[in-house]
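[1] give me a 3D structure for the following:
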Amino acid sequence: MKSVIGLEIHVQLSTKTKAFCSCKNEVDAKANTNICSVCTGQPGALPVLNDQVVEYAIRGALALNCEIHEVSSFDRKNYFYPDLPKGYQITQYFHPIATNGYVELNSGKRIRIRRIHIEEDAGKMFHSSENITESISSLVDLNRCGIPLIEIVTEPDLEKPEEAREFMEKLRDVLRAVGISTGNMEEGALRCDANVSVVNDKGHSSSRVEVKNINSFRFVQHALEYEIERISKVMESGGDVPMETRGWDSISKSTVSMRSKEAENDYRYFPEPDLPILVVSKKRIKRIRNSLPELPDEKAKRYEKEIGIQSENAKILSKDKELSRYFEDAIKIGISAKDASNWIVNEVMALFNADSMEFNPKKISLAHLKKVIDYTNSSKISRLAAKEIIAEVYKTGKDPDVIVKEKNLLQVSDESSLIPIVKEVILENPRVVEQYKKGKASVVGFFVGAVMKKTNGKADPKLAGKLVKKVLDGEFE
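    Now for the predicted structure:
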């Protein structure tokens, strides 16, 4: 069985106002407060295109390697639903603003982008139950009506659910890098509908099924895994897979049938009579192209080739603008590139990930991070103690110097203090000493562990190992 996957992604643009009116573009406003006669479709109210929407659409399309069309136009997509009060959605169906782009996965595989077009959002439904099969009542918030979107439609180039997840994460990183969207799926700023079909070993393909209501990168993968397995089982049993729209239910971790899949002509697309043709000059396209920042993949390659850090670390550090700036500033204040990348990726980001939080440089200042690294590199504290200090800085914001004193974390690193302890553990373990004398050098690690235990982890392990060998070899009486 082979799966064929294409994605339709709606990206909420971070403009100050909506696409065709002056209402605020806010995600957390009180319900039905950012609305007017235009976005609620009152008779006689006319739309006026927000030029910032065009700017952001071009910016995003260029970052995704698309061809920008100097002439595009708007159309009406007609359908009836409670969250669409005017009965149609303004979009670009016949002549989109951009086509023929791509996103390159880490494997080098390119996922083609068929088209990017501008459209407005519909309202938001609130159901009485999170389980979409059990909801008995719904409320409508029209604040989202008219919020500007770009819809990104891929070719069916994805073959695995994990590729779809990677595509979505890379797309989010690019959108954030060029500053046109927060890319937060949990807030609805990035919404994914997945189209999937399965081809069996005989080359027979199932009908295409659309999966909606996917609101996290993890759920993109899980929803596709579930749907591919469901379709495959139906095909193996000789059944027919209906062409339908299904919803991802995050409670039951399954997809559920919502309705039969609409055909394109069901929407009765026709040119939007209240908006003129959109014309974009070559000069404007060139200006926007030249204003684009370094994109995540480009930055990762630079980190790897010019700074010399590991490929996986480079990819992580280049994903987020704040994180990239934090890393580069760490090098500027004297932290080595190797130390900066390893500590930020393995220790600092581990704390944010554990709390499911976005990176925030204010939680651990670079000055504090440098102190912890310097303490560790000079063997004043152990790596274990360093992790404890970083976690405390993250939690409280305290200076590492204060934490070291409060918790008495300085390592015992002078020979005069450690030699008596080393001799003591050796005297306590005569059988292990005999093993060493018979040539089993690995038992040194046993003695180092015993020294660490007696000093509550405060001994310098390198020095302890050196002293253990000297005592065992009779250099100290």
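
[2] so residue 445 is in which element?
    Residue 445 belongs to helix 444-454 when assigned by DSSP states H and E.

[3] right, and the helix or strand after that helix?
    helix 461-472.

[4] pull the distance from that next one to the chain's centre.
    Centroid separation for helix 461-472 versus its chain: 46 Å, with Cα atoms, centre = their mean, to the nearest Å.

[5] got the buried residues for the helix or strand where residue 213 lies?
    Element membership of residue 213, judged by DSSP H and E, is strand 209-214. Residues of strand 209-214 classed as buried: 209-214 (neighbour count, 16 or more other Cβ atoms under 10 Å). All C-beta atoms are positioned from the backbone trio N, CA, C, and that covers glycine.

[6] would you format the residues you listed as a markdown table with pLDDT and distance to residue 299 included?
    Below are these laid out as a markdown table (pLDDT from 0 to 100; distance: Cβ to Cβ, whole Å):
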| residue | pLDDT | distance to residue 299 |
| --- | --- | --- |
| 209 | 94 | 37 |
| 210 | 94 | 35 |
| 211 | 94 | 33 |
| 212 | 89 | 33 |
| 213 | 79 | 33 |
| 214 | 89 | 28 |
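
[7] could those be laid out in a markdown table, adding distance to residue 19?
    As requested, the buried residues of strand 209-214 are exported to a markdown table (distance: Cβ to Cβ, whole Å):
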| residue | distance to residue 19 |
| --- | --- |
| 209 | 30 |
| 210 | 24 |
| 211 | 26 |
| 212 | 22 |
| 213 | 23 |
| 214 | 24 |
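
[8] for the strand holding residue 213, give me every contacting residue.
    If you take Cβ atoms under 8 Å, 6 or more residues apart in numbering as the criterion, strand 209-214 is touched by 132, 191-197, 220, 223-224, 227, 231, 241, 243-249, 255, 258, 261.

[9] now for the residue nearest to residue 182 when sequence neighbours are not counted, how many residues are close by?
    Distances taken as Cβ to Cβ, 6 or more residues apart in numbering place residue 189 nearest to residue 182, at 4.7 Å, with adjacent residues excluded. Residue 189 is flanked by 20 other residues according to other Cβ atoms under 10 Å.

[10] could you point out which element follows the helix or strand where residue 316 lies?
    Here residue 316, judged by DSSP H and E, is contained in helix 311-318. Toward the C-terminus, helix 311-318 is succeeded by helix 321-332 as the next helix or strand (DSSP H and E).

[11] could you measure from the closest residue to residue 390 other than its chain neighbours over to residue 389?
    Counting by Cβ to Cβ, 6+ apart, the nearest residue to residue 390 once its immediate chain neighbours are dropped is residue 347, at 5.2 Å. Separation of residue 347 from residue 389 (Cβ to Cβ, to the nearest Å): 10 Å.

[12] more neighbours: the two, which one.
    Legend: neighbour count by other Cβ under 10 Å for residue 347 and residue 389, higher for residue 389 (26 against 20).

[13] quick one: contacts of the helix or strand where that one lies?
    Applying DSSP H and E as the criterion places residue 389 in helix 383-396. Helix 383-396 is contacted from outside by 343, 347-348, 351, 363-364, 368-369, 372-373, 375-376, 381, 398-400, 403-404, 407, 409, 411, 457, using Cβ under 8 Å, 6+ apart.

[14] can I have the buried ones of these as a ChimeraX selection?
    Only the buried entries of the contacts of helix 383-396 go into this ChimeraX selection, using 16+ other Cβ under 10 Å:
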select :343,347,348,351,363,364,368,369,372,373,375,376,381,400,403,404,409,411,457
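
[15] how far off centre is the helix holding residue 445?
    The answer for helix 444-454 is 42 Å, by Cα atoms, centre = their mean.

[16] got it, and stretch 96-104?
    Relative to the chain's own centre, stretch 96-104 is displaced by 21 Å; criterion: Cα atoms, centre = their mean.

[17] quick one: average confidence on it?
    The average pLDDT for stretch 96-104 rounds to 98.

[18] now it - C-alpha only, CSV.
    In CSV, the C-alpha atoms belonging to stretch 96-104 read as follows (Å, rounded to 0.1, in the frame of the first residue of the first chain):
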residue,chain,number,x,y,z
PRO,A,96,-4.3,33.4,-7.8
ILE,A,97,-1.5,35.7,-6.8
ALA,A,98,1.2,33.0,-6.8
THR,A,99,1.9,29.5,-8.2
ASN,A,100,4.7,26.9,-8.6
GLY,A,101,6.6,27.0,-5.4
TYR,A,102,8.2,24.4,-3.2
VAL,A,103,9.4,23.5,0.3
GLU,A,104,12.5,21.2,0.6
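
[19] out of the contacts of strand 209-214, which are buried?
    Buried by 16+ other Cβ under 10 Å: 132, 191-197, 220, 223-224, 227, 231, 241, 244-249, 255, 258, 261, out of the contacts of strand 209-214.

[20] who's in contact with the one helix or strand residue 349 maps to?
    Using DSSP H and E, the element containing residue 349 is helix 349-354. Applying Cβ under 8 Å, 6+ apart, the contact partners of helix 349-354 are 316, 323, 358-360, 363-364, 390-391, 394.

[21] output the residues you listed as JSON lines; include the columns distance to residue 115 and pLDDT.
    JSON lines is the format used below for the contacts of helix 349-354 (distance: Cβ to Cβ, whole Å; pLDDT from 0 to 100):
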{"residue": "316", "distance to residue 115": "31", "pLDDT": "95"}
{"residue": "323", "distance to residue 115": "31", "pLDDT": "96"}
{"residue": "358", "distance to residue 115": "30", "pLDDT": "89"}
{"residue": "359", "distance to residue 115": "33", "pLDDT": "94"}
{"residue": "360", "distance to residue 115": "36", "pLDDT": "94"}
{"residue": "363", "distance to residue 115": "40", "pLDDT": "95"}
{"residue": "364", "distance to residue 115": "42", "pLDDT": "96"}
{"residue": "390", "distance to residue 115": "46", "pLDDT": "96"}
{"residue": "391", "distance to residue 115": "47", "pLDDT": "95"}
{"residue": "394", "distance to residue 115": "43", "pLDDT": "96"}
